[in-house]
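Asks: Sequence and predicted structure are below.
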Amino acid sequence: MNIPRKYGGQPSSIGGKIMYREIEDLLESSRRGDAKSKEALLLKLQPLILSSIKRYYNKIDIYDDLIQEGYEIILLCIHDYDPNKGVHFLGYIKLKLKYHYLNKYKEKQTFSLNQSIG
């Protein structure tokens, strides 16, 4: 399955393109309540969300919902992140997104007994 063209086609690796310092500056501004910094941070991390979806839970029919969940994860991580633990914010985000999308497989799926299988 491929990522729909409206989401930018194939996502590229985020690691080499965005400097940690820029991410950390946006993080600090976001934590102080700057809405524009939060928006900029979400836009900078959108390729990471897309690649995480593609790698860990590639369900094309619910892409919009999965992207929104990724944004929610990042917004929660802005407040939960503790720089004193010795982990870069980008690494923290990568792991949170990875395990969020992997855990989607564990969510309870309901099936109708009247529905045919296969």
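Replies: Arrived safely. The structure displayed is predicted, hence computed values, not measured ones.
Asks: Next, the buried residues of the helix or strand of the chain with the lowest mean pLDDT.
Replies: Within the chain, no helix or strand scores below helix 20-31, which has a mean of 91 by mean pLDDT, DSSP states H and E. Within helix 20-31, the residues that count as buried by 16 or more other C-beta atoms under 10 Å are 23, 26-27, 29-30. In short, each C-beta sits where N, CA and C put it, glycine included.
Asks: Would you map the strands across the chain?
Replies: Along the chain, no segments are classed as strands by DSSP state E.
Asks: what's the angle from the longest helix belonging to it to helix 20-31?
Replies: What stands out as the longest helix in the chain, according to DSSP state H, is helix 35-56. When axes from the mean of the first three to the mean of the last three C-alpha atoms, to 10 degrees is applied, the directions of helix 35-56 and helix 20-31 differ by 120 degrees.
Asks: Flag the shaky bits of the protein, pLDDT-wise.
Replies: Scanning the chain for pLDDT under 70 picks out 1-19, 108-112, 117-118.
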